[in-house]
Structures are given as C-alpha cells and as structure tokens.
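Student: here is my input, please return the structure:
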Amino acid sequence: MKTKNILFLAVLFSILTGCNQKTAEVSIDGELKKWHRVTLSFEGPETDELAAENPFMDYRLDVTFSNGGKSYVVPGFYAADGNAAESSATTGNIWQVRFTPDAIGEWTYSASFKKGTSVAIAENIMQSASAGFMDGHSGVFSIADSDKSGRDNRAKGRLNYVGKSYLQFEETEDYFIKLGVDAPENLLGYADFDGATNALGFLKEWEPHAKDFNEDAQSFVWQENKGKNLLGAINYLASEELNVFSFLTFNVDGDDRNIFPYLLKEPVAAYETYASDKKNKEAWETFFHKTRLDVSKLDQWERIFEYAESLGMFLHFKTHETETDHLMDKGVFGPEGKLYYRELIARFGHHLALNWNVGEENDQPTEEVLKVANYIQRLDPYDHHLVMHTFPNKDGRYEDFIGDRSPLTGASLQLSDAEFSDVHPRVLKWREKSNASGKKWALSVDEPGKANIALLPDDEDPEHNLARSRAMWGTLMAGGFGVEWYFGYDSPHSDLTCEDFRSRDLFWDQNRYALNFFKEHIPFWEMEPMDERVVGNNPDVYCFAKKDEIYAVFLPMGLKTASIDLGDSGNVFTINWYDPRNGGAMQSGSIKEVQANGAVSLGVAPTDNDKDWVVLLRKSD
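Tutor: You can find the predicted model right below:
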C-alpha cells in the first residue's frame, strides 16, 4: 500500500476515535485560487528547533486535501512562529502545510498530527500516538479560478511528467522546453540568508544584480531590504526569457561548503575556519545537528522560489553532489536522508515547475539510489519529475534505472567534450534506450562541455558558435527537452564564483531565439529525431521531423547546403530558413518548395550561407 493511502487511513482513524485533544486553531493564507500556494497554519505545541523532543523528527503533520475524486496527502513542517523569514524565530507553536490546489470549488482537509521517536520518517503511523492539538481537525475552503496570465506558472498549472519526452503543463496542456543556467551551483550561498557562512570565500552578495530588482518583488523581500540582489538576479534571467535555474541544497564538505538547511553546533567562525581547509572532510559528523533544520533560512529560500514561480521559472533542486551523497547515514539511506527529503518536499514540493535531482555526479550504489528515488516518489504528493545526474564517462549506469527498474522519469546529462561534439549523440543514445524500455524519459543536458571551460563568458567567446550549434541545437534536435548551462570551474565568472549572469548576456539572446523557434514554428512534442534522412554523413547536421508533414534541418557553419530524403509521398513542401544566431522571422532561401520524391536539395540560405541555419520544410495544405 502506498504511503499516501496509509496516511489517509491514519487521518480517518484519528477522526473516528476522537483523538483531537484540543480545539485546533488554524489559519488559511494565500490567494485561494487554482494553482496558487495555500498555507494552513496550525497552533501546536510550543517548542523550539533544539528542543529535547525534536520537532522535526518526533512530531509529524500530514494533511489530506480532497476535492471530488482527487485526494492528496501533503506533509507538513515545524514553522517556529509562522513568520520566521522576517523574525528569524527559532521557537514557536506554529506548524504549517503548503498546498497547491488543482481544481476550483470546495476542498476539504483533514489533519493528522502524531508524536513519537522518529515518527516523521516512520513507514506506518497507524499505531502512532496522537500529538493532540490539530490531530483529527478537519475543515473546508473554496478555490476560485486562477487570475494569472503570461509566463507566471500559476497561469499554466503544474508541470507534469506524462510518459513522454517532454513535460506538460496541466492547465494549458503546453509542452515545455527549458533553457537556462546550471551555475553557479552555490546560488543559495547568499549573505542575506540567516545562518550564512563564508568558508572558502565563496559567499555571494549578488551585487551586480541590484539594478535588476523590480518593485513587483518587494513583497518577497525579508527584514526590510534583504534578498533584493538575488531576486534581481532571477528577474534578470527572466527578462532574458530564460526559464530555469538550478541550485544545490546541501554541499557540506563539497566544492563550496556554504549551503545547508541545518543548524550548526558550533559558532559560524569555527565552522568557517574548519571548512576553509579542503583537507577537512568531517564537518557533517562534527559541526551539524543532523536532524535540526534552520527554519528561518528555509523560509527565506521559499521567498526566492515563490518569486521565481511568478516569473515562470523551473526550479532544479540538486539535492546532493558527489562529495555529499555519502555523508548522510554514512552512505546508506536512513533517518538523516529520509528527514532531509521529507523537509524539502514539505517546504518546497508545492511549487509547480520543478524536478528533484537525487545527485549531481552521483556514483552511489544502485540500491541506494533506488531507496532514495522510491522514497521521494512515495512522499511527493504531486509526482514531480525525478532525475539523476552522473559522470559523463559513467552514463552506462542509467541502464539500471530505465523502464520499470526505477521511478526515475528522466536523466540530467553531463557531457565532457570541450567542443560539445558529444551532446547530440548522447541525448540520442538515452532517448532510444529509454523509449525501447517502454517508459520514455524526459532528457535534459544540464552540464555540457569540458568541466574547466564549459560555457565561456562573452568576453572569452562572444559568438558562442559551438555552444549554440552543438550543445543547444544539438540537444533540442535530438529530442532533449532542454539545456542548463554550466560555467566551468576554471573560467571567469565560474561555476562557484559567478555573481553576474550578464557575463554571458550575448548568449542568452541565442537561447531566446531557439526557444522562439520551437514554440512558434514546430509541434516539437509530436516530432522525432531523424538524422538518417540527411544525405551524407556529417554528424553536425541534425534532422527533427514528423514524418511526411514537417522537417527541421540544422545546418552547421561552413556547410552551405544539404539534401534530405523526404520519401516518396509526392507531397509538396515549402522551404523556409531560420537564423539561430539572430532570430527574427522565417526567411526564403534559393529554393521555395520541393516535392517528396526521394532526396531533395534544400538550396542555399538567404544570406551568410557560410553560417549555421535551420531549414524548415512544411507540407503544403
């Protein structure tokens, strides 16, 4: 029986046995609209982050939300005074649950609040003791339709894995392509968050993006003026029409060491001194309360994510990196790891567009990855996209996870070639393998390029020809659903040191042009890679097509023309050209139309026929 059903029965048991020991006090906050975050705040036992009876492990709040045939069991969390982002409170009696309703009308809720040693991570709570207060409390609220529009995710609905190569927004039924940043991975290592540390000198101010703060973000600021620079950075990305950013949520003993949701046992200065020596790798064992969360810091993270939601951003939660995935429970999935994922899902799982990545450069034993993936699947009420990232030379381990071998719904691919020549074939490889398994994975390339170089700044590579053609178009023309750009560990504005996304401003325009082509000109979700249709053997010529109806052909720099086999349908196809370097309208080349009678020439481009172009052949009506 799935956890969700067990929890529903536990709530029913609480109600039937009358275990509600106190009259529950509850407030319901947020815009009561479809796809908007609704927060239920309950008054529970007065406690604190370091109480002997651990509020994170020894209490457990779950709330079942129901509407017609829909039912979701959503994990709750200890919220201190309920306003910790502002107050930095460590004590209080507020417990919260965050929920995003997916239907209008009347929703009912029923709360289960249990206590006992490690009850938060127990597999079965049917016999757990009531914690009183809101245990068994139920109520009703009404949800109206969303009033949001445009890029706001609340206008589009939850982004779901639907068994296809592309994720789909539930409300609009639009399919999604992501282009954005995979760096800096220490994005959340930010001075304005409570409990911030500066081991290794990587703590961020995001000062270059102070000028990008928009007044529409004022309600997301905390403690008068904190958060503005990072909110400005995200607004800048959105202004460039990028739609994804990624971040580590735990990098103790990793490359940076400044990001963790936990409380320190020792003063910040002591931790910084220890962690600043990279030879020291026992911080998790010696400096942290492993099951005690920093409530105010997490509440401040939520301000950032909530604003990103309003700008249409996809949130890539990188829950571990290779330096950290063996730390919790000493590498065997247990209480520490279970609490970690429960807290992430409880506090942030309500967001509409996200994926859980179980590990960046993950090299754990297969059985441990499966434990994590199965746990997340059982606990996440919304079944968000679930992926793993691994080393470029160890991608064969994905064989253990395709099809019905795991709940993973895709891969976060890392590549290694300095000229990005490995991107297109690697996406094709795992697309074909996952499709053959009977469960199509949604694949993204989230770290293309050689690790020390990757995507160089504009000052180093103003045209970005290879990144554009081989990495970006190479991914999309292979049926990958997107790219996140890694900045390299040895580049200016690097993977760890970048605080200015404008360092690659020229390249973001080229990302926008690619997004525009796929969204405006082709039904990409119905198309397949068909490189075999291209006459010749040039690995940099890509074909993406819906057979006998539409063909998109990417021509690399230096190749003035090509021929493509359109089959023998006799259909007439119009030919238009798209400039991936400068965007703009479709243009006419030297040949306006062709008939499908075997191989046909595409002609030459309208201008600059030594540059890269995308040729679009569409069947005439």
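
Student: how is this protein divided into domains?
Tutor: Per the record's domain assignment (automatic domain parsing), the chain is made up of the domains 3-143, 178-522, 527-619.

Student: so which of those comes closest to Asn160?
Tutor: Closest to Asn160 of the domains of the chain is domain 178-522 (Cβ to Cβ; 7.3 Å). Every residue, glycine included, has its C-beta placed from N, CA and C.

Student: and the closest one, end to end?
Tutor: Terminal residues of domain 178-522 are spaced 16 Å apart (Cα to Cα, to the nearest Å).

Student: number the chain from 24, please
Tutor: Yep, numbering from 24; the last one is domain 201-545 now.

Student: doesn't Val623 belong to a helix?
Tutor: No - secondary structure assignment places Val623 outside any helix; it is strand (DSSP: H, G, I helix; E, B strand; the rest coil).

Student: look at it and report its pLDDT.
Tutor: Reading off the confidence values, Val623 has pLDDT 97.

Student: give the contact list for it.
Tutor: Going by Cβ atoms under 8 Å, 6 or more residues apart in numbering, Val623 touches 586-589, 617.

Student: most neighbours, which of those residues?
Tutor: Across those, the neighbour count under other Cβ atoms under 10 Å reaches its highest value at Ile587, namely 25 neighbours.

Student: all strands for the stretch 374-523 of the chain, in order.
Tutor: Assigned by DSSP state E, counting those that start in this stretch, the strands in the stretch 374-523 of the chain fall at 377-380, 408-412, 433-437, 467-470, 505-508.

Student: next one: the fourth one to chain centre, how far?
Tutor: Its chain's C-alpha centre lies 12 Å from the corresponding centre of strand 467-470 when counted by Cα atoms, centre = their mean, to the nearest Å.

Student: that strand: partners in the sheet, and parallel or antiparallel?
Tutor: strand 433-437 (parallel), strand 505-508 (parallel) (DSSP bridges).

Student: who wins for proximity to Glu194 among these?
Tutor: Taking Cβ to Cβ as the criterion, strand 505-508 is the member of the strands paired with strand 467-470 that comes nearest to Glu194, at 20.1 Å.

Student: show residues contacting the closest one.
Tutor: Defining contact as Cβ under 8 Å, 6+ apart, one finds that strand 505-508 is touched by 199-206, 267-269, 339, 467-471, 477-478, 490, 494-495, 498-499, 527, 530.

Student: just the buried ones from those residues?
Tutor: Among the contacts of strand 505-508, those buried by neighbour count (16 or more other Cβ atoms under 10 Å) are 199-206, 267-269, 339, 467-471, 477-478, 490, 494-495, 498-499, 527, 530.

Student: give me the low-pLDDT residue ranges for the protein?
Tutor: 24-46 (pLDDT under 70).

Student: rerun at 90
Tutor: By pLDDT under 90, the low-scoring segments of the chain are 24-48, 560, 644.

Student: quick one, what contacts the closest residue to Lys320 other than its chain neighbours?
Tutor: Spatial nearest neighbour of Lys320, chain neighbours left out: Asp217 (4.6 Å); criterion: Cβ to Cβ, 6 or more residues apart in numbering. Applying Cβ under 8 Å, 6+ apart to Asp217 gives the contacts 111, 317, 319-320, 323.

Student: dump the strands of the stretch 374-523 of the chain into TSV; add distance to Ser135 as well.
Tutor: Rendered in TSV, the data for these read as follows (distance: least, Cβ to Cβ, whole Å):
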stretch	distance to Ser135
strand 377-380	24
strand 408-412	25
strand 433-437	32
strand 467-470	36
strand 505-508	38
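
Student: that concludes my questions; thank you for your assistance.
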